[in-house]
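[1] The sequence and its predicted three-dimensional model are supplied below.
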Amino acid sequence: SAMSKEQRVLQYVQQNASRGDPDSVLAAVDKFGWETEWAMNLGDVKGAILDRFVKETAPQTMLELGTYMGYSAIRIARLLPETAKFMTVEFDQENAAVAREMIEFAGLQNRIIQITSDTADVIPQLKTKYDVETLDMVFIDHWKDVYVRDIKLLETNKLLRKGTVVVADNIIKPGAPEYAEYVRTCGKYDSTFHESRFEYSNDDIDGLEKSVFRG
Ligand SMILES: Oc1cc(-c2ccc(F)cc2)cc2cccnc12
Ligand SMILES: [Mg+2]
């Protein structure tokens, strides 16, 4: 059967990037996104903001909710030391399969623990099954209607500690208003909005919310 969009992106990467070179993989995905087919991965403009947050935080334990094609997992993992523990969770089996090949092509498969499951099932298992004590940083980029459910699951499962940095994509487009309201008003976070551009768009506004857990 014909290739999916995600498989076309993967093929473009395999034919235009250099194996084992994460920056060339990111550049290829971004070139494809700008010039050929739009896709809902984080992209270069918001990606540069996430890079800054990752560098500032230098997490030893990191969790991503929503792997998609693996683009932001590669963005994050390329900035982490060998000793860091980084888990990314994707529910969709086909996207997870593309991500596994994209991560492998980038040469980062030893730095990323890829989990194909529902985040609601994984979060309560992180301490026991994945040997996590608490998380230094979280990147939320899956379906907007489960952002609040999942950050509350992180809280109730005692996975956040004073200073844990939680970054969330798509606050404006498609929008996560309940999430923004929650982190800005519940009293448990110091939260700031970082306006940017929607992925592979010159016109549409979007942005990342950065919320530091007060402990
Ligand atoms: O960055 C994202 C963007 C969109 C999106 C798709 C179609 C639109 F018309 C607008 C926005 C969906 C996402 C779903 C999950 C994680 N990120 C997404
Ligand atoms: Mg997104």
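    All right, it came through fine. Ligands and ions are numbered 1, 2, ... in the order given.

[2] tell me the phi and psi of Gln114?
    Phi and psi for Gln114, reported as degrees, to the nearest 10, are phi -100, psi 120.

[3] Skipping its backbone neighbours, what lies nearest the residue in the chain that ligand 2 sits nearest to in space?
    Residue of the chain nearest ligand 2, by CB to the ion: Asp169 (3.7 Å). No exception for glycine: its C-beta is placed from N, CA and C like everyone else's. Using CB to CB, 6 or more residues apart in numbering and skipping residues adjacent in sequence, the residue nearest Asp169 is Asp141, 4.1 Å away.

[4] Just give the number of residues close to that neighbour.
    Neighbour count for Asp141, taken as other CB atoms under 10 Å: 25.

[5] And it, its phi and psi?
    Taking degrees, to the nearest 10 as the convention, Asp141 sits at phi -150, psi 40.

[6] Isn't the residue of the chain closest to ligand 2 up against Asn41?
    No - using CB atoms under 8 Å, Asp169 is not in contact with Asn41; the gap is 9.7 Å.

[7] quick check, Val122 in a helix?
    Yes - the assignment for Val122 is a helix, going by DSSP: H, G, I helix; E, B strand; the rest coil.

[8] Where does the closest residue to it other than its chain neighbours fall, secondary structure wise?
    Nearest non-adjacent residue to Val122, counting by CB to CB, 6+ apart: Val89, 5.1 Å away. Under the criterion DSSP states H and E, the helix or strand holding Val89 is strand 85-90.

[9] Could I get the full set of helices for the protein?
    Assigned by DSSP state H, the helices in the chain fall at 5-16, 22-35, 43-57, 71-77, 93-106, 119-122, 126-129, 147-156, 177-185.

[10] Tell me which of those helices sits most buried.
    Stretch with highest mean neighbour count among the helices of the chain: helix 71-77 (a mean of 27; mean count of other CB atoms under 10 Å).

[11] right, is that one up against ligand 2?
    No - Helix 71-77 stays clear of ligand 2 (CB under 5 Å from the ion), getting no nearer than 8.1 Å.

[12] what residues are up against the residue lying closest to Leu79 once chain neighbours are set aside?
    Counting by CB to CB, 6+ apart, Leu79 lies nearest to Val54, which is 4.8 Å off, once chain neighbours are set aside. By CB atoms under 8 Å, 6 or more residues apart in numbering, Val54 lies in contact with Met62, Arg75, Ile76, Leu79, Leu80, Met137.

[13] Now do the contacts for the fifth one.
    When the contact criterion is CB under 8 Å, 6+ apart, the partners of Leu80 are Val54, Pro59, Met62, Phe86, Arg111.

[14] The third one contacts Thr134, doesn't it?
    No - using CB under 8 Å, Met62 makes no contact with Thr134, being 11.6 Å away.

[15] Overlap of the contact sets of these two?
    When contacts are counted by CB under 8 Å, 6+ apart, Met62 and Thr134 are jointly contacted by no residue.

[16] Among the two, which residue is more densely surrounded?
    More crowded of Met62 and Thr134, by other CB under 10 Å: Met62, with 25 against 18.
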